[in-house]
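Participant: Show me the folded form of this:
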Amino acid sequence: MGSPVSGAIDQADATRQGPQRPTHLLAALAAACFGLALLAAPASAFLSYPESQTLSDHTGANPQVAIDGSDRATVVWWQLYPNGRIESVRIAADGTPGPVQALSEIGHDAFSPQVAIDGSDRATVVWVRSDGTNTRIQSVRLASDGTPGPVQTVSEAGEGAGSPQIAIDGSDRATVAWYRSDGANDRIQSVRLAADGTPGPVQTVSEAGAGAGSPQIAIDGSDRATVVWNASLPGGDLIQLVRVGAHGTRGAVETLPEIGDSDTSEPQVAIDGSDRATVVWRGSICCSVGIVESARLTAKGTVGRVFRLSKREGFHSSTPNPQLAIDGADRATITWPEQDITTGARPIEAVRAEITYPQTSITKGVSKLIHRSRVRFKFESSVSAVSSFECKLDKKRFKRCTSPRRYRSLAEGRHKFSVRAIDDEGDVDPTPAERSFTVDTVQGSVAAKKKQKQKGSNILVKAKVKARERLTAKATGRIEVGKRSFDLETKTRRLSSGSSKRLKLRPEGSKDAAKIADALRKGKKAKAKVTVKLADRAGNKKSKMLSVRLKG
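Facilitator: Residues are numbered from 1 along each chain as shown. Model (predicted):
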């Protein structure tokens with residue numbers, strides 16, 4: 001048997017023989033073209049998973065993960081055995097895990113960790129730990145290199161606390177919320193951790209006399225925290241929320257309305273790019289049939305209408321935990337599991353909240369009544385189910401303009417009045433309905449043809465006045481022919497609202513008329529300048545000068 005090298009040489013020699021050469025040449029060209037095609041083709045991304053990595057050495061539970069600005073993952077978990085502590089590890093951008101660090105102190109069990117990353121790549125971790133008598137909420141700040149700082153106990157002693165949640169604002173401050181008993185009921189409390197991890201004063205944000213649990217928290221672009229929870233009220237379980245300002249000031253507690261007729265639970269909250277909070281929760285109707293409900297709060301905290309999201313007949317949302325996320329177009333995507341009552345199948349449902357804006361339509365336009373330089377605007381719209389309108393007069397903007405607006409001494413000239421509908425969630429019609437109008441102190445107009453033909457010696461200068469209110473019109477003028485000028489008779493007329501009249505001005509004397517007619521026959525140019533003064537009953541006045549060429 002020949003060697004592989006000699007076999008290759010023999011095959012190369014064989015390719016030099018005439019009958020075989022075209023076949024192998026085509027194969028070589030095809031291979032070359034295939035290679036070029038591979039070089040020219042853009043690289044395609046293929047998703048692959050390497051072997052998993054073991055982060056904890058013993059029995060762990062409840063892992064949580066957050067990613068920082070350097071693409072590093074901070075993973076925290078509850079290490080059940082052998083000592084019930086909170087542990088963490090930093091995984092580099094290339095997937096290499098660092099050393100495991102114990103965050104909670106030894107001596108008593110700790111559990112239920114949560115983690116969030118700030119803008120400086122520092123991780124804040126919170127958890128529940130017993131102090132020997134009651135459970136307390138604790139926190140620690142991990143530096144950007146993963147080094148843990150001192151452990152802080154943020155909840156007060158004396159009663160048990162649990163279910164911590166955390167969110168980071170734009171100033172790298174962490175807001176933590178949890179429930180804690182006041183001796184009679186569980187209440188929702190919160191604390192603001194400074195950028196260095198130092199806790200501020202604890203606030204009780206839920207109301208006394210009502211049990212509260214399952215807190216959730218989200219922070220908007222104005223560093224305000226929206227905290228939601230499930231409240232046990234005399235009429236049943238309902239969703240409540242409160243907004244905590246950027247400086248820690250607590251707002252009023254709001255109770256979200258419900259569609260169903262039974263208890264609500266499992267609230268979730270997320271903030272969009274317009275600082276509006278979307279809340280989703282599980283409700284129920286007749287015979288404990290579960291439904292999923294949602295509502296949105298405006299940036300000012302006003303609660304909008306409640307929507308029922310799960311609507312399929314024969315299904316109910318008995319399994320808890322609806323989830324939501326908001327995209328860059330402020331649309332909320334909400335998912336939840338449902339259950340087929342007949343078969344027991346549990347498909348996953350999803351819905352995306354489409355953003356639709358109210359469309360403004362002004363049915364009767366803008367009416368204005370002007371008297372003594374006062375202007376009044378009134379409009380009627382075909383838009384229904386809106387909370388208010390935003391109106392704009394030139395650069396002056398005002399809201400809730402459903403009633404007439406009055407202005408004193410509005411400047412003469414062209415003005416633009418626009419109306420935009422605002423729905424009950426604060427969305428504003430992006431395309432306003434606009435009307436333009438001209439403001440005159442006196443509601444009348446004067447016009448004349450610039451070239452007026454004369455017949456014989458009948459010299460007449462005609463001006464037309466239109467009145468939109470009762471007016472007095474007074475006209476005076478002169479005719480210039482060459483270097484000579486002749487006065488015109490003064491004319492005064494009274495006009496009623498909506499009428500129009502012609503003012504016919506003649507030269508004061510018949511001799512002047514004959515001289516002007518003679519000049520026109522000789523081809524000389526004659527020009528009349530007429531001033532018309534309008535006055536209304538209130539004494540407001542307006543004048544206009546007209547220039548007219550006379551043709552013979």
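Participant: how near is the residue nearest the centre of the chain to Thr490?
Facilitator: When C-alpha atoms, centre = their mean is applied to the chain, the residue found nearest the centroid is Ser274 (3.7 Å). Taking C-beta to C-beta, to the nearest Å as the criterion, Ser274 is separated from Thr490 by 65 Å. C-betas here are computed from N, CA, C, even on glycine.
Participant: Next: Glu480.
Facilitator: When Glu480 is compared with Thr490 (using C-beta to C-beta), they lie 18 Å apart.
Participant: And these two? Which one has more around it.
Facilitator: When neighbours are counted by other C-beta atoms under 10 Å, Glu480 comes out ahead of the other of Glu480 and Thr490, with 15 against 12.
Participant: Settle this for me: the more buried one is touching Lys529, isn't it.
Facilitator: Yes - at 7.3 Å, Glu480 and Lys529 qualify as touching, with contact defined as C-beta atoms under 8 Å.
Participant: so where's this structure shaky on pLDDT?
Facilitator: Residues of the chain meeting the criterion pLDDT under 70: 1-46, 260-262, 286-289, 312-320, 356-387, 397-412, 423-427, 438-440, 538.
Participant: Which elements pack onto whatever helix or strand Phe417 lives in?
Facilitator: Under the criterion DSSP states H and E, the helix or strand holding Phe417 is strand 413-422. Secondary structure elements in contact with strand 413-422, counted by 3 or more C-beta pairs under 8 Å, 6 or more residues apart in numbering; DSSP states H and E, are strand 388-393, strand 433-439.
Participant: wait, which of the ones you listed is closest to Phe307?
Facilitator: Nearest to Phe307 among these is strand 388-393 (21.1 Å), distances taken as C-beta to C-beta.
Participant: now the angle from that closest one to strand 413-422?
Facilitator: Here strand 388-393 runs at an angle of 170 degrees relative to strand 413-422 (axes from the mean of the first three to the mean of the last three C-alpha atoms, to 10 degrees).
Participant: tell me which strands and helices strand 388-393 is in contact with?
Facilitator: In terms of contact count using 3+ C-beta pairs under 8 Å, 6+ apart, strand 388-393 is assigned the packing partners strand 396-399, strand 405-408, strand 413-422.
Participant: Let me see the ranges of the strands in the stretch 351-500 of the chain.
Facilitator: 367-371, 374-378, 388-393, 396-399, 405-408, 413-422, 433-439, 444-447, 451-453, 461-467, 471-481, 484-487, 491-495, 500-505 (DSSP state E, counting those that start in this stretch).
Participant: and of these, who's closest to Glu105?
Facilitator: Closest to Glu105 of the strands of the stretch 351-500 of the chain, according to C-beta to C-beta: strand 413-422, at 53.1 Å.
Participant: Nearest spatial neighbour of Gln101, chain-adjacent residues omitted?
Facilitator: Ser88 (5.4 Å; C-beta to C-beta, 6 or more residues apart in numbering).
Participant: State the helix or strand in which the one you found lies.
Facilitator: Here Ser88, judged by DSSP H and E, is contained in strand 85-91.
Participant: Now do that strand: everything it contacts.
Facilitator: Among residues not part of strand 85-91, those counted as contacts by C-beta atoms under 8 Å, 6 or more residues apart in numbering are 55-56, 60, 72-79, 97-106, 109-111, 113, 115, 123, 125, 127, 129, 142, 146, 148.
Participant: and if you look at stretch 244-254?
Facilitator: Where contact means C-beta under 8 Å, 6+ apart, the residues beyond stretch 244-254 that reach it are 169, 175, 190, 192, 200-201, 203, 205-207, 222-227, 240-243, 297, 301, 303.
Participant: of the residues you listed, buried ones?
Facilitator: For these, a burial check counting by 16 or more other C-beta atoms under 10 Å picks out 169, 175, 190, 192, 203, 205-207, 223-227, 240-243, 297, 301, 303.
Participant: What's the separation between the residue nearest to Gln101 and Ala535?
Facilitator: When distance is defined by C-beta to C-beta, Ser88 is 86 Å away from Ala535.
Participant: that older thread, need the strands of the stretch 351-500 of the chain in a markdown table (columns: distance to Arg180).
Facilitator: Listed next are the strands of the stretch 351-500 of the chain as a markdown table, based on distance: least, C-beta to C-beta, whole Å:
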| stretch | distance to Arg180 |
| --- | --- |
| strand 367-371 | 60 |
| strand 374-378 | 55 |
| strand 388-393 | 40 |
| strand 396-399 | 41 |
| strand 405-408 | 51 |
| strand 413-422 | 39 |
| strand 433-439 | 52 |
| strand 444-447 | 75 |
| strand 451-453 | 91 |
| strand 461-467 | 77 |
| strand 471-481 | 77 |
| strand 484-487 | 97 |
| strand 491-495 | 80 |
| strand 500-505 | 81 |
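Participant: looking at those strands, which is closest to Lys522?
Facilitator: strand 471-481 (9.9 Å).
Participant: How far off centre is that closest one?
Facilitator: Strand 471-481 sits 59 Å away from the centroid of its parent chain (C-alpha atoms, centre = their mean, to the nearest Å).
Participant: Show me what it packs onto, helices and strands only.
Facilitator: Counting by 3+ C-beta pairs under 8 Å, 6+ apart, the packing neighbours recorded for strand 471-481 are strand 444-447, strand 461-467, strand 484-487, strand 491-495, strand 500-505, helix 510-521, strand 526-536.
Participant: how about a cut-off of 6 Å?
Facilitator: The criterion is 3 or more C-beta pairs under 6 Å, 6 or more residues apart in numbering; DSSP states H and E, and the helices and strands that strand 471-481 contacts are strand 484-487, strand 491-495, strand 500-505, helix 510-521, strand 526-536.
Participant: quick one on the thing from earlier: pull the CA atoms of the strand holding Phe417 into PDB?
Facilitator: Included here for strand 413-422 are C-alpha records, laid out as PDB according to Å, rounded to 0.1, in the frame of the first residue of the first chain:
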ATOM      1  CA  GLY A 413     -53.500  90.800  14.700                       C
ATOM      2  CA  ARG A 414     -53.500  87.200  13.900                       C
ATOM      3  CA  HIS A 415     -53.800  84.700  16.700                       C
ATOM      4  CA  LYS A 416     -53.900  80.900  16.900                       C
ATOM      5  CA  PHE A 417     -56.100  78.900  19.300                       C
ATOM      6  CA  SER A 418     -55.600  75.200  19.800                       C
ATOM      7  CA  VAL A 419     -57.200  72.400  21.800                       C
ATOM      8  CA  ARG A 420     -55.900  69.000  22.700                       C
ATOM      9  CA  ALA A 421     -57.800  66.300  24.600                       C
ATOM     10  CA  ILE A 422     -56.300  64.700  27.700                       C
END
